[in-house]
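Novice: what's the 3D shape of this:
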Amino acid sequence: QVQLVESGGGLVQPGESLRLSCAASGSIINIITMAWYRQTPGKSRGLVASVTVGGVTNYRDSVKGRFTISRDDAKNMIYLQMNNLKPEDTAVYYCNADGEQVLSGSKWIRYPYDAWGQGTQVTVSS
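Specialist: Numbering: from 1, shown residues only. I've put the predicted structure just below:
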């Protein structure tokens, strides 16, 4: 499995922006879904945004219009651009790789795959 390493977290004021990066140790070209999750103390980890190998994106309602997820398969990188940050965005953000597809003849075969990074802290406070 690839190793995922997040970076770009930090302390910002409300309304400011951050760009999170996730570097994969190997190719992600066959990873079906790359995603960002976040977690706050005492709560379960929740999906923030995801992007499929085909470029289809999905966002949790509270970040729609403010966050943008992207993947660069050539560089094995995933990004989360976060604009107009709010205090409720404060959390540890994790990068996730889910599902692998392999071409077998003329068919794509899906395999289980689940990798996580170590997380990066984002704090939004005045």
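Novice: Would you quantify the distance from Gly15 to Val124?
Specialist: Distance, Gly15 to Val124, using CB to CB, to the nearest Å: 9 Å. For glycine as for every other residue, the C-beta is placed from the backbone atoms N, C-alpha and C.
Novice: any common contacting residues for those two?
Specialist: Common contacts of Gly15 and Val124, defined by CB atoms under 8 Å, 6 or more residues apart in numbering, comprise Leu85.
Novice: These two: who's more crowded?
Specialist: Val124 (20 against 11; other CB atoms under 10 Å).
Novice: Wait, that one touches Ala91, no?
Specialist: No: counting by CB atoms under 8 Å, Val124 stays clear of Ala91, with 9.3 Å between them.
Novice: tell me which element the residue nearest the centre of the chain falls in.
Specialist: Nearest to the mean C-alpha position of the chain, by CA atoms, centre = their mean, lies Trp36 at 2.5 Å. In this structure, Trp36 is located in strand 31-39 according to DSSP states H and E.
Novice: which secondary structure elements does that strand contact?
Specialist: Judged by 3 or more CB pairs under 8 Å, 6 or more residues apart in numbering; DSSP states H and E, strand 31-39 is in contact with strand 18-24, strand 46-52, strand 67-72, strand 77-82, strand 91-104, strand 107-116.
Novice: among the ones you listed, which is the most enclosed?
Specialist: Comparing those by mean neighbour count (mean count of other CB atoms under 10 Å), strand 77-82 ranks first with a mean of 22.
Novice: Would you mind writing the CA trace of that strand as CSV?
Specialist: C-alpha atoms of strand 77-82 as CSV (Å, rounded to 0.1, in the frame of the first residue of the first chain):
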residue,chain,number,x,y,z
MET,A,77,-0.6,14.2,-5.0
ILE,A,78,-4.0,15.1,-3.6
TYR,A,79,-5.0,18.6,-2.5
LEU,A,80,-7.7,20.3,-0.5
GLN,A,81,-8.1,24.0,-1.0
MET,A,82,-10.0,25.5,1.9
